[in-house]
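Q: what follows is a predicted protein model with its sequence.
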Amino acid sequence: MKSLLIRGGLSAAFIIPALLLSTAALATQGSDDDAVLSKGNQKVVSTSGNCVRTKWQVGTDVCATAKPAPAKVAQAPTPKIELEQRTIYFDFNKSGLTAAETAKLDKLVTIISHSKSITHATVIGYADVIGKESYNMILSQKRADTVEKYLASHVSIPTNTMVVAGKGTADPVTTCDTKMKRKKRIECLAQNRRVEIKFDYME
């Protein structure tokens with residue numbers, strides 16, 4: 001029996017097996033769109049590395065680009081305010097602020113203004129032991145009121161969160177010989193004529 005010739009003389013008996021072999025090879029190699037499961041069987045990618053959406057992945061889009069986590073806003077550190085920075089001194093028998101102590105309060109205001117963690121302030125006034133105790137108690141209260149009013153007008157701490165009190169001659173920083181001359185004794189007791197400010201901080 002003679003073979004059927006096709007264009008150029010090649011027989012069908014030769015061409016058909018060749019075509020079958022070629023098709024089998026392609027099936028073995030696969031195409032770039034063949035799906036391959038990644039580890040955990042959560043994501044499907046093609047052999048070219050592209051993510052493939054499949055009909056069995058319902059309710060989630062594993063091919064979506066993950067959104068970056070929101071950046072954490074750095075909290076301002078709680079300021080460490082030394083006792084001397086928050087102690088305001090007064091002249092003898094006075095409750096008004098001197099230029100030097102006003103400047104100190106201004107520096108303190110700057111520190112407070114840059115902190116969001118300060119919630120309350122306690123303002124305590126003191127006096128030296130010269131004079132009557134009843135008078136010194138009133139004087140210490142006036143000094144505390146002076147500092148409280150200055151702070152309230154310059155920073156955002158609500159006035160109703162401030163504790164303001166005068167403690168008279170209590171809690172002296174220094175003690176001086178009662179035999180000292182009046183002028184020298186007034187100078188010696190200078191650190192007792194003061195207002196101390198204490199701050200409370202947010203947890």
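A: That came through fine.
Q: domains of this structure?
A: 5-46, 83-201 (automatic domain parsing).
Q: may I ask which helix or strand encompasses His120?
A: strand 118-125 (DSSP states H and E).
Q: which strands or helices does that strand pack on?
A: helix 133-152, strand 162-166, strand 194-201 (3 or more CB pairs under 8 Å, 6 or more residues apart in numbering; DSSP states H and E). C-betas here are computed from N, CA, C, even on glycine.
Q: picking up where we left off before, I'd like to know which of the domains of the chain is closest to Pro68.
A: Minimum separation from Pro68 across these (CB to CB) falls at domain 5-46, 18.8 Å.
Q: show the pLDDT at Ala152.
A: Per-residue confidence at Ala152 stands at 89 (pLDDT).
Q: that one contacts Thr146, correct?
A: No. Between Ala152 and Thr146 there is no contact under CB atoms under 8 Å: 11.1 Å.
Q: deepest-packed of the domains of the chain, please.
A: domain 83-201 (a mean of 16; mean count of other CB atoms under 10 Å).
Q: okay, now it: how far is its last residue from its first?
A: 16 Å (CA to CA, to the nearest Å).
Q: what's the weakest-modelled helix or strand in the chain?
A: strand 5-6 (a mean of 44; mean pLDDT, DSSP states H and E).
Q: picking that back up, with just CA atoms, put the strand holding His120 into PDB.
A: Taking C-alpha atoms only, strand 118-125 is exported to PDB below (Å, rounded to 0.1, in the frame of the first residue of the first chain):
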ATOM      1  CA  ILE A 118       1.500  67.100  82.300                       C
ATOM      2  CA  THR A 119      -2.000  67.100  83.700                       C
ATOM      3  CA  HIS A 120      -1.900  68.800  87.100                       C
ATOM      4  CA  ALA A 121       0.100  71.300  89.000                       C
ATOM      5  CA  THR A 122       0.500  71.900  92.700                       C
ATOM      6  CA  VAL A 123       1.700  75.400  93.700                       C
ATOM      7  CA  ILE A 124       2.900  75.800  97.300                       C
ATOM      8  CA  GLY A 125       4.000  79.100  98.800                       C
END
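Q: list the contacts of it.
A: 79, 112, 139-145, 147-148, 151, 157, 161-167, 194-202 (CB atoms under 8 Å, 6 or more residues apart in numbering).
Q: strands paired with that strand, and their directions?
A: strand 162-166 (parallel), strand 194-201 (antiparallel) (DSSP bridges).
Q: Lys116: which of those is closest?
A: strand 194-201 (10.0 Å).
Q: what mean pLDDT does the closest one have?
A: 92.
Q: show me where pLDDT drops low in the chain?
A: Scanning the chain for pLDDT under 70 picks out 1-43, 54-62, 64-66, 71-79, 158-160, 203.
Q: strands along that one, start to end?
A: 5-6, 10-11, 35-37, 44-46, 87-89, 118-125, 162-166, 194-201 (DSSP state E).
Q: can I get the helices and strands packed on strand 118-125 in CSV with distance to Ala103?
A: Putting the helices and strands packed on strand 118-125 into CSV (distance: least, CB to CB, whole Å) gives the following:
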stretch, distance to Ala103
helix 133-152, 12
strand 162-166, 21
strand 194-201, 15
